[in-house]
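Q: here are the coordinates; sequence isn't available:
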């Protein structure tokens, strides 16, 4: 039996070490989720600060644009709080992969690791080794709320700039958003669409 699948018996309980690939995928998602929780928490605080500033400025006109600005701040607060909670749920769910993998190894023996995984995506690999069936929907929900939380703050700032600054400043800000947003879009909807959504 290989070292990777070595079993250590302790009072009838077996400690099954996850294969390096499965452990790497799990750790990667957990690291991304924990970092995302920090970012979302900070963005929620920023959105709350902006909300107080914008609501206190009665000179913002027209009224419809001011209302949209306030709504974007409220949305940013709600979405970022939701993304923070989603991160914790995702981390907790993936933390049980090792335990569930041990249970499945006890039930199936060597056949548990005999399945080829050449064409399996990360979601399928983690599900095979014990991730719950709900972890992928939770992941997608977190990704969507995290992205929308960011976009809500960006929208609020652009509206505020448009209402209070010269057109040239607004154009520059739109240009900066256009060149800084692609990495976020890539991470959320291109890279992980290939790794998570399409091969789930």
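A: Structure received. Small disclaimer: the values here were computed from a predicted structure and weren't measured.
Q: Give the rounded mean pLDDT of the top helix by length along the chain.
A: If each helix of the chain is counted by residues according to DSSP state H, the longest one is helix 20-55. When pLDDT is averaged along helix 20-55, the result is 88.
Q: Show me what the next helix or strand after that helix is packed up against.
A: Heading C-terminal from helix 20-55, the first helix or strand you meet, by DSSP states H and E, is helix 63-95. For helix 63-95, the packing partners by 3 or more Cβ pairs under 8 Å, 6 or more residues apart in numbering; DSSP states H and E come out as helix 20-55, helix 135-164. The way it works is simple: take the backbone N, C-alpha and C, and place the C-beta from them, glycine included.
Q: elements contacting the shortest one?
A: Counting contacts by 3+ Cβ pairs under 8 Å, 6+ apart, helix 135-164 packs against helix 20-55, helix 63-95, helix 122-128, helix 167-180.
Q: Just send the helices and strands packed on helix 63-95 back as CSV, with mean neighbour count too.
A: Formatted as CSV, the helices and strands packed on helix 63-95 follow (neighbours: other Cβ atoms under 10 Å):
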stretch, mean neighbour count
helix 20-55, 16
helix 135-164, 20
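Q: Go through those helices and name the closest to residue 62.
A: Comparison of these against residue 62 by Cβ to Cβ identifies helix 135-164 as nearest, at 8.4 Å.
Q: so residue 54 sits right up against residue 67, yeah?
A: No - applying Cβ atoms under 8 Å, one finds residue 54 not in contact with residue 67, separated by 10.5 Å.
Q: so how many other residues sit close to residue 173?
A: Residues within reach of residue 173, counting by other Cβ atoms under 10 Å, total 17.
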